[in-house]
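Q: Sequence and computational prediction follow.
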Amino acid sequence: RRSPLPATCAVTLKPEDEMPYSAAIPEDIRFGYGVRFCLREFLLPGRTLFICGKHSELRIREEWNNSGIDFDIVTVSGELPLNELEDILSLARKENYRNFIGWGGGSAVDCAKAVAALTGAPGCGADYFYRRRQLPGRDNRMILIPTTAGTGAEITSNSVICDRETGIKQSLRGAGMTAD
């Protein structure tokens, strides 16, 4: 049994000390065994890009190869380097993907959020990373499937990216980074 805090530990906050907080989370959150098998009903017409950790690629291929869905897979590991974001973004724009599925841990989910948010945007990823441009809204579908318990990346509206050339690590942030 815990004893209550002694009165000398009490903290009194004044109204000017309080900070407002808010959280923007995805509107539709589904979880439980087999939920991922219902993904097809949420996809927009057009191509799909899975962004996953290396351990998820085989499972995705096994489950989706006979689905009738036109998809590709990109694997990522560790923190997302800016140059890798640029490569995946270039692929996404060239292939005109309409659906982005982040499947894996925080790195795969963060990468999917960044690519989905930037695919229809002008400029390169570095423009947004270095705050030369504001993140726009997006017109594609983003679905996030976390396979680890820890980062909470699937419910945040940011994506952690690092520029290994400069050593800068920071987040892209914006409403376009929230899952559908």
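A: Perfect, thanks for sending it.

Q: where in the protein is pLDDT low?
A: Scanning the chain for pLDDT under 70 picks out 1-26.

Q: mind listing the strands for it?
A: 48-53, 71-76, 80-81, 99-104, 141-146, 158-163, 168-173 (DSSP state E).

Q: between the fifth one and strand 48-53, how many degrees?
A: Inter-element angle recorded for strand 141-146 and strand 48-53: 30 degrees (by axes from the mean of the first three to the mean of the last three Cα atoms, to 10 degrees).

Q: Just checking the distance from strand 141-146 to the centre of its chain.
A: Chain-centre distance of strand 141-146: 7 Å, with Cα atoms, centre = their mean, to the nearest Å.

Q: again, but for the last one
A: Remark: strand 168-173 is offset 13 Å from the chain centroid, using Cα atoms, centre = their mean.

Q: The second one too?
A: In this view, strand 71-76 has its centroid 14 Å away from the chain centroid, taken as Cα atoms, centre = their mean.

Q: May I have the strands that pair with that strand, each with its orientation?
A: Using DSSP bridges, strand 71-76 pairs in its sheet with strand 48-53 (parallel).

Q: and what of the fifth one?
A: In the sheet containing strand 141-146, the strands it pairs with under DSSP bridges are strand 99-104 (parallel).

Q: rewinding a little: for the strands of the chain, state which one has the densest average packing.
A: Ranked by mean neighbour count under mean count of other Cβ atoms under 10 Å, the strands of the chain are led by strand 99-104, which reaches a mean of 26. From N, CA and C alone the C-beta is placed, and that goes for glycine too.

Q: Restricting to C-alpha, output it in PDB.
A: Only the C-alpha atoms of strand 99-104 are listed here, as PDB (Å, rounded to 0.1, in the frame of the first residue of the first chain):
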ATOM      1  CA  ASN A  99      -2.300   3.900 -51.200                       C
ATOM      2  CA  PHE A 100       0.500   3.800 -48.700                       C
ATOM      3  CA  ILE A 101       0.600   1.100 -46.000                       C
ATOM      4  CA  GLY A 102       3.200   1.400 -43.300                       C
ATOM      5  CA  TRP A 103       3.600  -2.100 -41.800                       C
ATOM      6  CA  GLY A 104       6.200  -2.600 -39.000                       C
END
